[in-house]
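Peer 1: give the three-dimensional model of this entry:
(2 chains)
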Amino acid sequence: MTARGQTNLLTVEGVSVSFDGLHGPVQVLDDINFTIGSGEIVGIVGESGSGKSVTSLAVMGLLGAQGKIDSGRIVLDGADLTALTHKEMRGVRGRDVAMIFQEPSTSLNPVLPVGFQIAEVLTEHFDTSAAEARKKAIALMDRVGIPAAGSRADDYPHQLSGGMKQRIMIAMALACRSKLLIADEPTTALDVTIQAQILSLISDLRNDYGMAVLLITHDMGVIAEMADRVIVMYAGQVVEQSPADSLFQHPLHPYTRLLLRSIPSARSKQAVLPMIEGTTPPPTDLPGGCRFHPRCPIAADLCRDGTPSLQTVGSNHAARCKRLDEDYSLLDAGLGVAL
Amino acid sequence: MTVAPILKLQGVTKDFTVTSSAFGKVLSSLRAVNDVTLEVMPGETLGIVGESGCGKTTLGRLILRLTQATEGRIEFQGRDITRLPPGQMRDLRREIQIVFQDPYSSLNPRMKVRDIIAEPLENFGAGRREIQARVDEVMDIVKLPIAYADRYPHAFSGGQRQRIGIARALALKPKLIVCDEAVSALDVSVQAQILNLLSDIQRQTNVTLVFISHNLGVIRFLSHRVAVMYLGRIVELAPEAALFDAPQHPYTRALISAIPEPDVSRRGQRQVLEGDIPSPIDPPPGCPFHLRCPKAQEQCRNAAPKLQGIAPRHSVACHFPG
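Peer 2: Coordinates of the predicted model:
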């Protein structure tokens, strides 16, 4: 079920993750399942505490000493990453899976020239000579749209703007021709005109090199612009999963529907914003039944009882809601009351 | 219309020293706010929008008199406050309040909510009973249960903390509140709650708001009029509908076009502006936007356009608007 590639590049299967808390382990991810085909852009969207970043850290094997994958498998190109040692995982990161984060300045070494840092990726993972690596690094900087790459290669990170630093990170990802790029809020710290540049660069790389992208963001707008398929997360679970067109045209889960409508638009003036009451529950204090029910305007008794499962509607659109078969005018009426 | 503006800025400029000699001689400086002229009417929300380094936060701080203008004149309720001595600033503090971006760092973690909200009232010598009544009243306005009054900030979520910050700003019944990125740190679902709250508060109390944000959607929702800033200058100033539906400055257009909207049918239709925002330390000559402007001509490289009216209440600083 992939939009572009025939094969699954990444398969995340039944992954649950917990972190050590003060009073024992706390589960932060509950049974996450998804796939990414080669050349596909899959977006994970959610608010703070939804588990979207932990999902990306789990794929990269960067959960740290406190975090643990309790169950499930993460398979990249046929290899089970959860079975790898730390050392083997180091080889995968940077080579097969590249990462870019929200704040590029924290990912770059402040005391090394940026060109050297790109070249280092090549000398680390391949048998490239230093001179050859530098030449390639400059070519990559040029490719990601850094003007006067030859001289900028000797610049230190503090001499570059946020957008330029993010381009350097993308050049590093390209250096190894990684098959998968994990981009965790890659444009959140950037201004909107610079964000547009970086998003269009990521799209180009997918089109030119067939690089698959796991895009993690809180911004539904970025998802609509970029993703082939979308995973909506809430309180550690996937609550909706679908091709992007279908998600934005017919969102199914009440959370997704409300979230989409609570975004203030620059294209039309709203008198009142539909809103979701309350806040995302912390993983230490999850409500029973459907995790969204305390905030859901159409919650009924059955929502408080058992946990809903992810139900597929049509061919490839799934949502975790027990009232999927019902008339959504109820939700709209609920919205009316909430106003 | 004979209503006088509550706030009036005339040619306001702010320079910051970047480097100076050992004897205090200014060697290089940057112009954070450049010749800003605008008026805000009572009960109005003026949105100020722009990207990093455009001067929007400095402009807010100038209005609050948290920083001193280098040139120009700021009038509040008809009174020149540009160079008010510290002794006379006290009264002004009562009239103009601020809501900050970060609800985590702007509340004292060792004070109870009740005391945080009461502090401005105490500073102005309110009596105990009066303070108690007003704290209850503003907590009700921002929809914080009174039962929470004796808790500390750490017990609250980001959205609730922002309600505390708003309650503190409201305590003295100010005439003007400057909100600097007041909802930017919040999740979308919580952001909607705070935006609706601010809009309700304004309807109920008729307080004037200067709302500073980088988020155009948020600006459109709250503002009656909007000023777009670029490299320290206002490049467009117009009522909300005109600005968003018929932007006249190429930068405003590009900015609106660049926002990713949750709408797949608009995919790939964004106008992507090239280049970075120039550094305010080394601004380009002529129009500050000409390096990135798709319509730039010779004239734009030589002369900075002035903010000029092109329609009633709509001004734009561009040689080739529209």
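
Peer 1: next one: phi and psi at B:Gln10?
Peer 2: phi -130, psi 110 (degrees, to the nearest 10).

Peer 1: now do the strands in the stretch 101-250 of chain B.
Peer 2: With DSSP state E, counting those that start in this stretch, the ranges of strands along the stretch 101-250 of chain B come out as B:176-180, B:208-213, B:225-230, B:233-239.

Peer 1: partners of the first one in the sheet?
Peer 2: Each strand paired with strand B:176-180, and its direction, by DSSP bridges: strand B:96-99 (parallel), strand B:208-213 (parallel).

Peer 1: next one, pLDDT for the residue of the stretch 151-300 of chain A found nearest chain B please.
Peer 2: Taking Cβ to the nearest Cβ as the measure, the stretch 151-300 of chain A has A:Gly221 as its residue closest to chain B, at 3.2 Å. Using the backbone N, CA and C atoms, a C-beta is placed for each residue, glycine as well. Note on A:Gly221: pLDDT of 94.

Peer 1: assumed it was part of a helix.
Peer 2: Yes. Counting by DSSP: H, G, I helix; E, B strand; the rest coil, A:Gly221 falls inside a helix.

Peer 1: excluding its backbone neighbours, what's nearest the residue in the stretch 1-150 of chain B positioned nearest to chain A?
Peer 2: Residue nearest to chain A within the stretch 1-150 of chain B: B:Glu51 (3.8 Å; Cβ to the nearest Cβ). Counting by Cβ to Cβ, 6 or more residues apart in numbering or on different chains, B:Glu51 lies nearest to A:Asp191, which is 3.8 Å off, once chain neighbours are set aside.

Peer 1: tally of neighbours for the one you found?
Peer 2: Counted with other Cβ atoms under 10 Å in any protein chain shown, residues neighbouring A:Asp191 total 22.

Peer 1: quick one, helices of the stretch 51-200 of chain B?
Peer 2: B:56-63, B:86-95, B:113-123, B:128-141, B:158-170, B:188-205 (DSSP state H, counting those that start in this stretch).

Peer 1: need the pLDDT of A:Met169.
Peer 2: Note on A:Met169: pLDDT of 93.

Peer 1: what's the answer for A:Ile194, then?
Peer 2: On the pLDDT scale, A:Ile194 is placed at 91.

Peer 1: roughly how far apart are it and B:Glu274?
Peer 2: Distance of A:Ile194 to B:Glu274, computed by Cβ to Cβ, to the nearest Å: 11 Å.

Peer 1: between these two, who's got more neighbours?
Peer 2: Using other Cβ under 10 Å, the more surrounded residue of A:Ile194 and B:Glu274 is A:Ile194, with 25 against 12.

Peer 1: how far does stretch A:12-29 sit from its chain's centre?
Peer 2: 19 Å (Cα atoms, centre = their mean, to the nearest Å).

Peer 1: leaving out the residues flanking it, which one is nearest to B:Glu39?
Peer 2: Closest to B:Glu39 by Cβ to Cβ, 6+ apart is B:Pro5, at 3.9 Å.

Peer 1: find the nearest non-adjacent residue to A:Gln77, please.
Peer 2: Actually, residue A:77 is Asp. It isn't Gln. Leaving aside its sequence neighbours, A:Asp77 sits nearest to A:Leu9 (Cβ to Cβ, 6+ apart; 6.1 Å).

Peer 1: doesn't the one you found fall inside a strand?
Peer 2: Yes. Note on A:Leu9: a strand contains this position according to three-state DSSP.

Peer 1: my read: it touches A:Val75, true?
Peer 2: No. Checked against Cβ atoms under 8 Å, the pair A:Leu9 and A:Val75 is beyond contact range at 9.3 Å.

Peer 1: of the two, which one has the most company?
Peer 2: The residue with more neighbours, out of A:Leu9 and A:Val75, is A:Leu9; 24 against 17, by other Cβ under 10 Å.

Peer 1: who's in contact with the nearest residue to B:Leu62 once chain neighbours are set aside?
Peer 2: Spatial nearest neighbour of B:Leu62, chain neighbours left out: B:Ala69 (5.5 Å); criterion: Cβ to Cβ, 6+ apart. By Cβ atoms under 8 Å, 6 or more residues apart in numbering or on different chains, B:Ala69 lies in contact with B:12-14, B:33, B:62, B:82.
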